[in-house]
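S.K.: fold the following for me, if possible:
(one chain, ligands or ions: 2)
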Amino acid sequence: MSIKLLDVSFGYDSYTHLFYHLNLTIPMCCWVTIIGDCGSGKTTLAKLIAGILTPVSGDIIFSWGDGNSQKPEFGYLFQNPDDQFVHFNIEREVAFSLENVGIARDEMFPRVEESLKNANLWNRRNDSPNNLSGGEKQRLALAGMLITEPKVLILDEPTSFLDIIAQAELYKVTKALLDEKVSIIWITQEPNEINMSDYVVKLERGKVSHCGKSADYVRRYFPRRNSKFEK
Ligand SMILES: Nc1ncnc2c1ncn2[C@@H]1O[C@H](COP(=O)(O)OP(=O)(O)O)[C@@H](O)[C@H]1O
Ligand SMILES: [Mg+2]
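M.R.: Ligands and ions are numbered 1, 2, ... in the order given. Below you'll find the predicted structure:
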């Protein structure tokens, strides 16, 4: 299972390319890290993959190994969870995700309840998302996403607004999703987070400067740190 970018070019204005004839294969059904400095193109690459942006030229091909090349369902967790809330009520917010994918009303309520209980937010259901802490907002955003059962989940610098405890919790929740056969694309600027992943793509100013197994990357760039981290 993989996502293949073939000769993909993209720019935000017609004169400059951020990506120019980019070729890249990203394996799926594992945890993939996209790492790079601010402005290197991580978010743009993720949005191209998810179909939120369209390449100027080139193709993005999904292959599931059985001849199936259908585009999977994506979930996209934005860097700042505030960017994805549209309602002033937590329960409505999660129900809205289901409305978007056309789930019937009578099916909705039990699914919303289960999802909010899983996210440990059920007792806050009548509150506004604005009153949640950073970690709780992230959990709500994730609940809204997972309820639609995406095949690929993109998390865009998900830990940048979180304290250490909320970060650890998000690592745990994400790891558990792998067991549910959700593929993870984790965007970060934090090299330590590579240790949790199977595969890493490093971007530098719109170019792929490294891609391969995370273990090889850690061995090559952080030889002395290797033993300190556990997957
Ligand atoms: N909506 C936009 N309009 C114009 N330029 C943009 C837009 N979004 C990003 N860029 C530019 O594209 C480049 C890559 O941005 P981005 O993909 O957000 O990088 P990263 O996520 O790695 O920080 C940057 O130079 C950024 O300024
Ligand atoms: Mg970004």
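S.K.: dump the residue contacts of the residue in the chain positioned nearest to ligand 2.
M.R.: Going by C-beta to the ion, ligand 2 is nearest to residue 43 of the chain, at 3.2 Å. Where you see a C-beta, it was placed from the backbone N, CA and C, and this is true even at glycine. For residue 43, the contact set (C-beta atoms under 8 Å, 6 or more residues apart in numbering) comprises 79, 156, 187.
S.K.: just those residues: which has the poorest pLDDT?
M.R.: In terms of pLDDT, residue 79 ranks lowest among those, with 83.
S.K.: ok, it touching residue 156?
M.R.: Yes. The pair formed by residue 79 and residue 156 meets the contact definition of C-beta atoms under 8 Å, at 4.7 Å.
S.K.: more crowded one of the two?
M.R.: For residue 79 versus residue 156, neighbours defined as other C-beta atoms under 10 Å are more numerous around residue 156 (20 against 16).
S.K.: before we move on, back to that, now distance to ligand 1 too, for the contacts of residue 43, in JSON lines please.
M.R.: Formatted as JSON lines, these follow (distance: C-beta to the nearest ligand atom, whole Å):
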{"residue": "79", "distance to ligand 1": "8"}
{"residue": "156", "distance to ligand 1": "7"}
{"residue": "187", "distance to ligand 1": "7"}
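S.K.: strands - which of these land there?
M.R.: Secondary structure assignment by DSSP state E places 156, 187 of the contacts of residue 43 in strands.
S.K.: end to end, how far does stretch 62-72 reach?
M.R.: 8 Å (C-alpha to C-alpha, to the nearest Å).
S.K.: pull out the buried positions in it.
M.R.: The neighbour-count check on stretch 62-72 (16 or more other C-beta atoms under 10 Å) flags 62, 72 as buried.
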